[in-house]
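> please find the sequence and the predicted model below.
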Amino acid sequence: KLLNAEIDRKTKALAMQEHEEWDSVETLQDWEEFRDKRLPHLRQALGDFPERKSDLDYQVTSTFRGDGYQILNITFQSRPGFYVAANLYLPEKPGGKMPGMISLPAHHYPKTHGEMKDCGMVWARAGVAVLIMEHIGFGERLETSPLYRQAYESEYILSQQLELVGQSLQGWVVYDVVRTVDLFENLGTIDMEKVILIGSVTWGGGRRAAPAGLLEERIDAQIIYNFGRVYWYGWGTRNLINNRITPWFVVNAFAPRKLVYAHEFWYEGEEGPGYPQVWVPAWPRYRKVYGLYDKEENLATAQGEGLLRAGATEFIPRGDCYMLGTVQRRSLYPILKKWFEIPYPSAADQNIPLDSGLSDARQRSDYPVIKYQEALRRPLDSDVLSIPPTYAERLNRKALHQIAYEKGEELLTRARSRRSALTTE
């Protein structure tokens, strides 16, 4: 109890100190000083990136053709021997350079989930190249726990392996995104003035995308779901609270580039579950920063439907989703049309029903029809396999723990060298 009380006291003191600093931000110079004081701590918390970028070794392992779209099942290495598994959805007949979208799944399931397939198909048919990346520790990049949904144990184990050598899993995902943008540039078919990063709902997408978008300057817009509030608790990256860095700061420091601050459900307020005495709303802060840049047109918000805290009823529907569902996508179409001239999808694509796995969908009278339509519409999981077992044999893949071990040896060698140079004087 004494330890918890001390943690609470210190956290509240840090929060009040941050509030005072924020209240003193009145000019663009004030904001940039506020931001620049925190960015080095964020970069340090994420861990250092490789000094030299490795060859991408980009390979198309198989292809799939669907109704108005095609899929390239691809792999490329973000670090030597560390391969990313991804699906690149393209229009059936690409014409000229097209917007490029990088979509990070939520923590619920791997990239094979049906809502990820729907996202790829819908936007590919609208003329966008959509790359859906497998998270480290999920699906085709699983290394530890075989649990299929919400791979918390896998994430925890991999995080501990990296923390031992001064790295972070969050930082490794950020670097995966950096190398994905490198891939877009190398392909030559992506309009590099229209690179969009989407962090899907819940804990996996927005939390990963926000620092990646911030640190990768070639990303022109980011859409961050369910992350970006002024919350005073840890979110998987070490030593941020002590430096007064909350999710809100990580997202808002993206300014003045184009930002969608998005919610899975209807807006229900932003009060955090912990430390209600120091809670403040984030949206006014976003508006203030973009106003200082005189770039209010680059800030938007997107809402879902229904309430997180209440189930769907006859009068109040709920737009629940696992990744990025039909309800969430619908609110993005006008924003992407305005910013990047991405056309609205067809009426059929705009009105895809909720995923059949959701409890709200299972309550519908047309549930069997929804299931049948999904089977017709979506490719099989085997159709979007990026590194099949037979192909994996050709790759000189390294597990994360192997690379972490090599990093540890390198750090230890440097430390011993420095120590050997010391004298008793």
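Arrived safely, thanks for sending.
> same for the strand or helix carrying Arg416, what does it pack against?
For Arg416, the enclosing helix or strand under DSSP states H and E is helix 400-420. Counting contacts by 3 or more Cβ pairs under 8 Å, 6 or more residues apart in numbering; DSSP states H and E, helix 400-420 is packed against helix 152-163. Backbone N, C-alpha and C define where each C-beta goes, glycine included.
> what's the pLDDT at Cys321?
On pLDDT, Cys321 comes in at 88.
> can you pull the contacts of it?
Each residue near Cys321 by Cβ atoms under 8 Å, 6 or more residues apart in numbering is listed here: Glu115, Val201, Glu264, Gly304, Val327, Gln328, Leu354, Asp355, Leu358.
> what pLDDT, on average, does stretch 222-239 get?
For stretch 222-239, the mean per-residue pLDDT is 82.
> how far off centre is it?
Relative to its parent chain, stretch 222-239 has a centroid offset of 11 Å by Cα atoms, centre = their mean, to the nearest Å.
> pull out the buried residues from it.
222-232, 235, 237-238 (16 or more other Cβ atoms under 10 Å).
> so where's this structure shaky on pLDDT?
The chain contains residues with pLDDT under 70 at 146-150, 267-274, 308-318.
> picking up where we left off before, what's the farthest-apart pair in the buried residues of stretch 222-239?
The largest distance within the buried residues of stretch 222-239, taken as Cβ to Cβ, falls between Ile223 and Arg238 and amounts to 26.4 Å.
> one step back: contacts for the helix holding Arg416 next, please.
Contacts with helix 400-420, where a contact means Cβ under 8 Å, 6+ apart, come from 79, 81-82, 136, 143, 158, 161-162, 164-167, 172.
> what subset of these is buried?
The neighbour count (16+ other Cβ under 10 Å) marks Arg79, Gly81, Phe82, Ile136, Leu158, Gln161, Leu162, Val165, Gln167, Trp172 as buried among the contacts of helix 400-420.
> quick check: Ala151 touching Glu143?
No - with contacts counted by Cβ atoms under 8 Å, Ala151 stays clear of Glu143, the gap being 10.2 Å.
> list residues touching both of these two?
In contact with both Ala151 and Glu143: Gly137, using Cβ under 8 Å, 6+ apart.
> Three-state assignment for the closest residue to Lys194 other than its chain neighbours, please.
Computed as Cβ to Cβ, 6 or more residues apart in numbering, the closest residue to Lys194 that is not its neighbour in sequence is Pro99, at 3.8 Å. With DSSP: H, G, I helix; E, B strand; the rest coil as the basis, Pro99 sits in strand.
> tell me where this protein has strands.
If you assign secondary structure with DSSP state E, the strands in the chain sit at 59-65, 69-79, 82-91, 98-104, 129-133, 190-199, 221-225, 258-262, 299-302.
> between the fifth one and strand 190-199, how many degrees?
Direction vectors for strand 129-133 and strand 190-199, defined by axes from the mean of the first three to the mean of the last three Cα atoms, to 10 degrees, enclose an angle of 40 degrees.
> quick check: Ile342 vs Met323, distance?
Counting by Cβ to Cβ, to the nearest Å, the separation of Ile342 from Met323 is 19 Å.
> wait, Lys111 sits on Leu142?
No - the criterion here is Cβ under 8 Å, and Lys111 misses it with Leu142 at 11.9 Å.
> quick one: which of the two has more around it?
Per other Cβ atoms under 10 Å, whichever of Lys111 and Leu142 has more neighbours is Lys111, with 25 against 18.
> please name the residues that touch that one.
Each residue near Lys111 by Cβ under 8 Å, 6+ apart is listed here: Ala85, Ala86, Asn87, Pro105, Ile132, Met133, Glu134, His135, Phe138, Gly139, Glu140, Val384.
> nearest to Lys337 among the residues you listed?
The shortest approach to Lys337 among these belongs to Ile132, at 21.7 Å (Cβ to Cβ).
> how close does that closest one sit to Phe138?
Applying Cβ to Cβ, the value for Ile132 to Phe138 is 12 Å.
> same deal with Pro343?
In this view, Pro343 and Phe138 are 32 Å apart by Cβ to Cβ.
> for the two, work out which one has more neighbours and name it.
Taking other Cβ under 10 Å, Pro343 and Phe138 do not tie; Phe138 has more neighbours (25 against 12).
> do I have it right that that one meets Pro105?
Yes - taking contacts as Cβ under 8 Å, Phe138 lies within contact range of Pro105: 7.4 Å.
> pretty sure Tyr58 contacts Ile74?
Yes - using Cβ under 8 Å, Tyr58 is in contact with Ile74, at 6.7 Å.
> what about those two, which has more around it?
For the pair Tyr58 and Ile74, the greater number of neighbours falls to Ile74 (20 against 15), based on other Cβ under 10 Å.
> what number of residues lie near Ala347?
7.
> distance check, it against Tyr333.
Taken as Cβ to Cβ, the span from Ala347 to Tyr333 is 12 Å.
> can you check Asn396 too?
Distance check for Asn396 against Tyr333: by Cβ to Cβ, it reads 42 Å.
> those two: which is more packed in?
Comparing Asn396 with Tyr333 by other Cβ under 10 Å, the one with more neighbours is Tyr333, at 19 against 9.
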